[in-house]
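Colleague: Sharing a sequence plus its predicted fold:
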Amino acid sequence: MIRRHLLPAFFLACTLLTVQAFGTAVCTVDAAATAFGLYDSLSSSNDDTLGTITVRCTGNIGDPVNYNLALNAGQNGTFSNRVMDAGSSQLSYNLYIDAGRTNLCGDGTSGTSTLSGSYSLSSTSDTHTFTVYARAYGGQNTAAMSPGYTDTVMITLTY
């Protein structure tokens with residue numbers, strides 16, 4: 001009898017760091033935890049989901065805003081292979097800036113891309129939202145039953 005393990009897999013509990021380089025606008029970044037839902041450990045199909053990162057800038061109408069978002073590799077991973085942990089068990093996943101999941105989201109090193117924006121404030125407060133495309137790779141049949149897999153990715157906003 002083959003048993004199919006459906007594992008809850010959650011990730012992207014974000015730690016946020018804001019660095020102001022210049023300008024009069026003040027910006028903040030926010031990201032909600034992103035959930036993969038149940039992971040089928042016997043399926044060879046990838047498990048895809050979406051996350052969002054929101055940048056909110058306030059200031060005077062017409063203030064220039066140039067910002068860059070960089071994501072680190074997570075707690076135990078690399079940009080080519082981020083990992084979620086549940087005790088000693090791990091699930092590999094990654095984050096991308098495009099729907100085709102071909103361009104890794106990172107800090108601009110090791111072949112990764114950052115998310116950025118440049119505009120003038122059209123009101124005293126503008127919000128821009130980026131979609132992050134997440135993928136837990138299929139075929140990870142060594143995944144263990146667990147209440148949830150997690151990873152923490154640090155987002156650095158420079159503006």
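Modeller: Good, I have the coordinates. Numbering: from 1, shown residues only.

Colleague: From now on I want contacts and neighbour counts done on CA atoms only, so please keep to that.
Modeller: Will do.

Colleague: low pLDDT regions in the chain?
Modeller: By pLDDT under 70, the weakly predicted segments of the chain are 1-23.

Colleague: please redo it, this time with the cut-off set to 90
Modeller: For the chain, the stretches flagged by pLDDT under 90 are 1-24, 32-42, 75-77, 86-89, 117, 141-150, 159.

Colleague: which is the next helix or strand following the strand or helix carrying D85?
Modeller: Using DSSP states H and E, D85 falls within strand 82-86. Downstream of strand 82-86, the next assigned helix or strand under DSSP H and E is strand 89-96.

Colleague: residues making contact with the next helix or strand after that following strand?
Modeller: Sequence-wise, the next helix or strand downstream of strand 89-96 (DSSP H and E) is strand 115-120. Strand 115-120 has contacts (C-alpha atoms under 8 Å, 6 or more residues apart in numbering) with 61-70, 97, 105, 130.

Colleague: which parts of strand 115-120 are buried?
Modeller: The neighbour-count check on strand 115-120 (16 or more other C-alpha atoms under 10 Å) flags L115 as buried.

Colleague: CA atoms of the helix or strand that comes right after it as CSV?
Modeller: Next along the chain after strand 115-120, taking DSSP H and E as the criterion, comes strand 125-136. Taking C-alpha atoms only, strand 125-136 is exported to CSV below (Å, rounded to 0.1, in the frame of the first residue of the first chain):
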residue,chain,number,x,y,z
SER,A,125,1.1,58.3,0.3
ASP,A,126,1.6,55.7,-2.5
THR,A,127,1.6,51.9,-2.3
HIS,A,128,3.2,49.6,-4.7
THR,A,129,2.7,45.8,-4.5
PHE,A,130,5.1,43.2,-6.0
THR,A,131,4.1,39.6,-6.6
VAL,A,132,6.6,37.0,-5.6
TYR,A,133,6.2,33.6,-7.4
ALA,A,134,7.0,30.7,-5.1
ARG,A,135,7.6,27.1,-5.9
ALA,A,136,8.1,24.0,-3.7
